[in-house]
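Novice: attaching a predicted model along with its sequence, questions to come.
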Amino acid sequence: MAKEKKQNTAEKPENEEETKPQTQAEEAAEATAENPVEEPTEQPAEPEAEQPDETEALKKQLADLNDKLLRTAAEYDNFRRRSQKEKEAIYTDSKAEIIGKLLPVIDNFERASAAEADPENYKKGIEMTVRQLLDALTAMGVEAYGAAGDPFDPNIHNGVMHVDDDSMEENVVADVFIKGYKMGDKVIRHASVKVAN
């Protein structure tokens, strides 16, 4: 019996070692030993297989965009040339229209210079021709301005002389040397005037 007890006590420490909790590293090593990790066999990854197709798509997209850019540049160049030609044509047409309205006035001056008339009739003819010329200018939207008594405006008048006159208000046109002409708000020629006070 004493022998048995010795054996039990001898066996007890062995059992205690078996029941001792294992560390995590030991558990992992044991699990790896029981189930060895299989190394994956080499297979081509799907993204790598799709990469050439993606590259081709990007190349095609780049070519399309480049083509659109070249077409747009060509269209803009054509538009610019067409606009320049239209601008030149409008300018030429405007000049032709103005000259067409002035030609009857020139005809009347030529007739007057060729005709023999007394001074009174000659003067009357010139007055009629000047009226015809002013009518032609009015038809084109040109109006004459500048008269004695108008308030002086440096934007449309050119004051070439100054006079002190107590009978007139301050900064008033006293006399007009050359009439001014404007088309809408655009001044074609400033009126040259004498300014009072």
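Specialist: Noted; the coordinates are in hand.
Novice: now do Leu70, the pLDDT please.
Specialist: Looking at Leu70, its pLDDT is 96.
Novice: and the gap between it and Asp77?
Specialist: 11 Å (CB to CB, to the nearest Å). For every residue, glycine as well, the C-beta is placed using N, CA and C.
Novice: ok, the nearest residue to Pro104 once chain neighbours are set aside - contacts?
Specialist: Closest residue to Pro104 apart from its sequence neighbours, by CB to CB, 6 or more residues apart in numbering: Gln132 at 6.7 Å. When contacts are counted by CB atoms under 8 Å, 6 or more residues apart in numbering, Gln132 touches Pro104, Val105, Asn108.
Novice: the last one touches Thr129, doesn't it?
Specialist: Yes: taking contact to mean CB atoms under 8 Å, the distance of 4.5 Å between Asn108 and Thr129 places them in contact.
Novice: in which helix or strand would I find Lys87?
Specialist: helix 46-114 (DSSP states H and E).
Novice: okay, domains of this protein per the record?
Specialist: 54-140, 143-197 (automatic domain parsing).
Novice: most tightly surrounded among the ones you listed?
Specialist: Greatest average neighbour count among the domains of the chain goes to domain 143-197 (a mean of 14), per mean count of other CB atoms under 10 Å.
Novice: where does this protein dip in pLDDT?
Specialist: Across the chain, the ranges flagged by pLDDT under 70 are 1-50.
Novice: for Ala117, grab phi and psi.
Specialist: phi -150, psi 160 (degrees, to the nearest 10).
Novice: residues contacting the residue lying closest to it once chain neighbours are set aside?
Specialist: The shortest distance from Ala117 to any non-neighbouring residue, by CB to CB, 6+ apart, is to Gly125 (7.0 Å). Neighbouring residues of Gly125 by CB under 8 Å, 6+ apart: Asn108, Ala112, Ala115, Ala117.
Novice: return the member of these nearest to Lys87.
Specialist: Nearest to Lys87 among the contacts of Gly125 is Asn108, at 33.7 Å by CB to CB.
Novice: separation between that closest one and Leu62?
Specialist: 71 Å.
Novice: still on that earlier bit, how far off centre is whichever helix or strand comes after the helix holding Lys87?
Specialist: Next along the chain after helix 46-114, taking DSSP H and E as the criterion, comes helix 119-139. Chain-centre distance of helix 119-139: 48 Å, with CA atoms, centre = their mean, to the nearest Å.
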